[in-house]
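Q: Quick one, fold the following:
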Amino acid sequence: MRFLRTLLFPLVALTSLALARSSTGDTVLVLLEPSLKKENFSIFFGDLEKKGYKLTFRSPKDTTPEIIKDDVAQFAHVVVFAPETKTFAGDITPQTLVSLLSKKTNLLLALSPKQTPLSSLAAEFTLILPPPGTPLISHFPKRDTPATVVPVEPPRAHHIISDGLAPVWFSGVPQALGNSPMLVPLLQAPPQAFASDADSDSGADALVEAAEKSGEGLWAGSSLSLVTGFQALSNARATWVGGIEIFSDEYINKEISKGVKSGNRQFVKDVAAWTFQEANVLRIDTVEHHRVNETLPRETYTINNQVTYTAYISQYDPELDLWEPYSGINDLQLEFTMLDPHIRTSLPPVAGEPGKYSVSFRVPDRHGVFKFNVDYKRKGWSYLSSTTVVPIVPPRHDEYPRFLSAAWPYYAGAFSTSAAFLLFVALWLAGDEREPKKGKGSKAE
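A: Numbering: from 1, shown residues only. Model (predicted):
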């Protein structure tokens with residue numbers, strides 16, 4: 001069996017290198033605006049098809065194919081490339097797109113500086129867009145392109161975006177991020193960039209005045225996001241891109257400097273891989289709990305028992321299309337709760353056993369219904385959640401210790417009293433018998 005596995009594994013790996021797919025499915029619906037030509041995005045769509053995705057194209061105003069039929073999502077992923085469309089078909093509404101996330105369908109949406117239904121939908125994801133007609137502008141570095149076509153440095157040492165990418169060409173609208181912890185910034189605006197309705201510096205004074213009044217000065221600097229991810233509690237993902245041109249063949253082939261191509265191609269591949277749940281996808285395969293030095297779980301545990309909890313975690317490998325044990329989490333925690341956490345402890349990986357996380361602890365001196373609870377939420381990674389309910393009971397009548405250490409003073413008092421009584425009795429019974437003394441009257445006689 002081991003020989004066959006060794007022989008077949010390279011063949012499976014070579015076969016699946018060309019079919020790196022999503023962990024949730026390979027069907028993709030592309031809502032493409034009629035004014036946009038499919039050929040202008042051939043590289044992006046071609047890369048998706050090479051991975052094994054099945055693309056279905058539809059105009060935003062068409063009624064077929066349906067996105068949701070009989071309350072079931074018909075596609076694993078939806079790409080909305082309709083940045084300037086103001087009227088959609090009846091089955092494409094903001095409510096429909098939001099409901100897709102609850103059905104675990106992923107969304108990739110492109111925005112426009114113009115006001116559209118997508119602009120209103122962005123607010124549901126706590127994204128704040130600038131006023132209509134105010135795209136991102138930057139005059140630095142000096143270049144031949146318009147001020148609205150901005151080269152942006154991708155993030156470094158990012159767990160979603162590949163490291164070492166060349167600057168990315170961007171044209172579109174920035175987004176200010178709300179307070180939602182579910183937002184995942186993927187591309188930040190340059191520090192010298194700002195949103196304005198004028199390409200020249202004539203609007204700079206107005207921008208400064210607005211900043212002093214805490215107004216539109218919000219739309220400047222690296223605090224703005226250009227590409228923003230959102231991960232719902234269902235682990236479905238939605239990515240908002242400030243402009244559709246970032247996916248175009250023109251920007252992919254456009255040079256940053258002489259002989260240096262832009263990083264657009266790899267960047268949009270990374271964005272699509274994260275959005276379609278190829279990358280950074282984790283799951284809890286199984287959990288175990290039992291008393292220390294035992295292997296089987298118990299229906300109930302007794303207070304003060306020593307208990308071991310174990311979780312097995314794996315990560316999805318899109319190239320091999322399988323789940324592999326993953327031990328890269330160093331901040332995983334376990335809570336043992338009854339209404340409030342009674343115990344919160346780290347759940348570290350076990351050395352030499354990939355994917356295994358284990359910890360042992362003493363059950364609190366409190367009986368009731370407790371829960372083993374794992375709740376791991378980190379930006380850009382799948383949420384891990386597991387809850388196991390176990391009753392905690394007092395000891396049985398024959399499980400109590402015969403002698404309690406806290407009662408030794410009482411034991412000593414009882415034993416000392418008994419010993420003193422016995423000593424008194426012994427002395428009393430063993431005492432000498434003495435005759436009564438005779439009085440004077442009796443001596444005279």
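
Q: Run through the helices of the stretch 251-400 of the chain in chain order.
A: Ranges of helices within the stretch 251-400 of the chain are 264-275, based on DSSP state H, counting those that start in this stretch.

Q: so where's it uncertain?
A: Across the stretch 251-400 of the chain, nothing is flagged by pLDDT under 70.

Q: buried set for stretch 386-393?
A: Ser386, Val390, Ile392 (16 or more other C-beta atoms under 10 Å). Yep, even glycine has a C-beta here, placed from its N, CA and C like the rest.

Q: now stretch 187-195
A: Within stretch 187-195, judged by 16+ other C-beta under 10 Å, the buried ones are Leu187, Gln188, Ala189, Pro190, Ala193, Phe194, Ala195.

Q: Give me the neighbour count for the nearest residue to the fifth one once chain neighbours are set aside.
A: Think Ala193. Spatial nearest neighbour of Ala193, chain neighbours left out: Ser138 (3.9 Å); criterion: C-beta to C-beta, 6 or more residues apart in numbering. Close neighbours of Ser138, defined as other C-beta atoms under 10 Å, add up to 19.

Q: what's the average pLDDT for the helix or strand hosting Leu226?
A: Under the criterion of DSSP states H and E, Leu226 resides in strand 225-231. Throughout strand 225-231, pLDDT has a mean value of 97.

Q: Between helix 264-275 and that strand, find me the angle.
A: 20 degrees (axes from the mean of the first three to the mean of the last three C-alpha atoms, to 10 degrees).

Q: re earlier: could you tell me which of the buried residues of stretch 386-393 are located in strands?
A: Ser386, Val390, Ile392 (DSSP state E).

Q: Can you lay out those as CSV showing distance to Thr85?
A: Below are those laid out as CSV (distance: C-beta to C-beta, whole Å):
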residue, distance to Thr85
Ser386, 42
Val390, 53
Ile392, 58
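
Q: For Arg396, give its distance to Ile303.
A: Distance, Arg396 to Ile303, by C-beta to C-beta, to the nearest Å: 12 Å.

Q: between these two, who's got more neighbours?
A: When Arg396 and Ile303 are compared for neighbours, Ile303 comes out ahead with 15 against 8, by other C-beta under 10 Å.

Q: I figured the more buried one hits Phe370, correct?
A: No: judged on C-beta atoms under 8 Å, Ile303 makes no contact with Phe370 at a distance of 10.4 Å.

Q: Now for the two: what residues contact both?
A: Taking C-beta atoms under 8 Å, 6 or more residues apart in numbering as the contact criterion, the common neighbours of Ile303 and Phe370 are Val363, Ile392.

Q: helix, strand or coil for Gln95?
A: Secondary structure for Gln95, judged by DSSP: H, G, I helix; E, B strand; the rest coil, is helix.

Q: Quickly list the domain ranges of the protein.
A: 2-275, 282-393, 405-432 (automatic domain parsing).

Q: So which of those domains is the most surrounded?
A: domain 2-275 (a mean of 17; mean count of other C-beta atoms under 10 Å).
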